[in-house]
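**Student:** Here is a sequence with its predicted model. Questions after.
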Amino acid sequence: MILIIGGMSQGKKEFARQLAGVGAPEFGADLADGWADPPQSALQKPYLASFHGWIRRILEEGGDPDVFVGQVLAAEPRIITMDEVGCGIVPVERTERDYREAVGHAGQKLAGSAGEVYRMVCGIPQKIKG
């Protein structure tokens with residue numbers, strides 16, 4: 001598995017498409033998005049974008065993000081993209097702090113299982129593992 005992390009709008013999805021080596025229509029058909037698609041789709045598609053979106057939605061529904069991450073890892077996706085949300089000012093709201101912590105823990109588990117990890121900055125990938 002390949003994990004691509006970085007700030008919002010840094011080119012993660014485009015880089016994932018390049019790594020996948022597939023055309024735009026094929027990539028879209030095999031892509032699940034954490035903000036738009038149900039969590040179950042993350043267990044069925046090889047390319048997962050905005051993984052942090054599923055973490056937020058699972059927390060809002062009272063679910064366990066750790067269980068979800070384990071299920072996703074067992075499904076063996078090829079590429080996952082996820083925003084880094086732990087930088088910057090610590091949120092005042094408890095739910096936002098919990099979300100930030102859950103995304104951080106998910107990222108650690110995903111990175112630990114990934115064969116390669118990239119960090120995107122201004123559209124430039126930096127390989128940090130593999």
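**Tutor:** Nice, I can see it. Numbering: from 1, shown residues only.
**Student:** farthest residue from the center of this structure?
**Tutor:** For the chain, the largest distance from the centre (CA atoms, centre = their mean) belongs to residue 92, which lies 24.1 Å off.
**Student:** Report pLDDT for that one.
**Tutor:** Looking at residue 92, its pLDDT is 88.
**Student:** before we move on, what SS does it have?
**Tutor:** Taken by DSSP: H, G, I helix; E, B strand; the rest coil, the conformation at residue 92 corresponds to coil.
**Student:** List the buried residues of stretch 106-118.
**Tutor:** Across stretch 106-118, burial judged by 16 or more other CB atoms under 10 Å covers 106, 107, 109, 110, 111, 114, 117, 118. Every C-beta, even on glycine, is put in place using the N, C-alpha and C of the backbone.
**Student:** Out of those residues, flag the one nearest to residue 28.
**Tutor:** Nearest to residue 28 out of those is residue 118 (CB to CB; 20.7 Å).
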